[in-house]
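In: everything below, folded, please.
(one chain, ligands or ions: 1)
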Amino acid sequence: MPHDAALTIRRATRDDLDLVAALYEQLVEDQVARGWTGRPTPAEESRRYIARRLHRADVHYLVASAAGAPIGFVEGALLLPREQLPVRLFRRLFPDQNPRAALGYIHNIFVTADGRGAGVGSRLLREAITALKAQGIRRLRAHVIPGNEASFGLFAKAGLLPTQTAVEGEV
Ligand SMILES: CC(C)(COP(=O)(O)OP(=O)(O)OC[C@H]1O[C@@H](n2cnc3c(N)ncnc32)[C@H](O)[C@@H]1OP(=O)(O)O)[C@@H](O)C(=O)NCCC(=O)NCCS
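Out: Prediction:
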């Protein structure tokens, strides 16, 4: 896709369930092909997960389209305190921040294979960051599979750098 092809990014609504679920399936296939070690979520389960989250104010599903065709999506959300640090420790470390809204998480970001490398992922990420910042986040986190250089590059460009590396394998 050329850089100047008309690109629109909009917030998904309940009516976009089929569209988001189809993009999500492509993402799961992509991650499995990259050697993701997690359990691939069955399509029906992903669909229920998305349906539960599409209407939530603290979850942002944004869809990118070029010439009217969907070519990517991002799912970003606020991380609640119990998912980050004990609230009392959080308050001590970050006294000026709201523990309900300080950390955002990019659960998923995906651009179709023929739409990549043209800035779509960056636009999606930027708009997700804007939406999350409007809800108070100061920091953003994501997980990336080792070797996924495009994803590391995308996040690095937005200022997200590798922190710790987990090691795991069958023993
Ligand atoms: C990761 C992904 C969303 C990036 O989307 P994209 O639209 O291609 O990204 P952009 O064109 O906006 O590129 C943003 C930056 O990422 C980096 N980047 C993108 N593709 C890259 C590649 N193949 N190799 C290395 N760096 C790359 C570059 O730094 C680029 O900035 P630049 O164009 O100024 O050099 C896309 O590759 C994708 O959907 N991959 C499969 C799904 C996936 O892995 N999602 C992430 C799960 S954590």
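In: state the mean pLDDT of the longest helix anywhere in the chain.
Out: Ranked by residue count under DSSP state H, the longest helix found in the chain is helix 17-33. Across helix 17-33, the average pLDDT comes to 95.
In: what lies in contact with it?
Out: 12, 38, 40-41, 43, 46-47, 50-51, 54, 61, 63, 70, 72-73, 108, 110, 112, 145 (Cβ atoms under 8 Å, 6 or more residues apart in numbering). Just so you know, the C-beta spots here come from the backbone N, C-alpha and C atoms, and that holds for glycine as well.
In: buried stuff in the next helix-or-strand element following that helix?
Out: Using DSSP states H and E, the helix or strand that follows helix 17-33 towards the C-terminus is helix 43-53. Neighbour counts over helix 43-53 (16 or more other Cβ atoms under 10 Å) mark 46, 47, 50, 53 as buried.
In: so residue 74 is in which element?
Out: strand 69-79.
In: now the helix or strand that that strand is followed by: average pLDDT?
Out: Later in the chain than strand 69-79, the nearest helix or strand by DSSP H and E is helix 87-93. Averaged across helix 87-93, pLDDT comes to 73.
In: and if you look at stretch 112-120?
Out: 97.
In: does the ligand have contacts with the longest helix of the chain?
Out: Yes: using Cβ under 6 Å from any ligand atom, we find that helix 17-33 touches the ligand at 27, 30.
In: gap between that helix and the chain center?
Out: 13 Å (Cα atoms, centre = their mean, to the nearest Å).
In: going by neighbour count, which residues of it are buried?
Out: Buried-residue list, helix 17-33, by 16+ other Cβ under 10 Å: 20, 21, 23, 24, 25, 27, 28, 30, 31.
In: quickly find the element holding the closest residue to residue 76 other than its chain neighbours.
Out: Leaving aside its chain neighbours, residue 76 sits nearest to residue 128 (3.7 Å; criterion: Cβ to Cβ, 6 or more residues apart in numbering). Residue 128 is part of helix 120-133, with elements assigned from DSSP H and E.
In: name the strands paired with the helix or strand that that helix is followed by and say parallel or antiparallel.
Out: The first helix or strand that comes after helix 120-133 along the chain, using DSSP H and E, is strand 139-142. Sheet pairing for strand 139-142, assigned by DSSP bridges, gives strand 103-111 (parallel).
In: what angle sits between the partner strand and strand 69-79?
Out: Angle between the axes of strand 103-111 and strand 69-79 is 160 degrees (criterion: axes from the mean of the first three to the mean of the last three Cα atoms, to 10 degrees).
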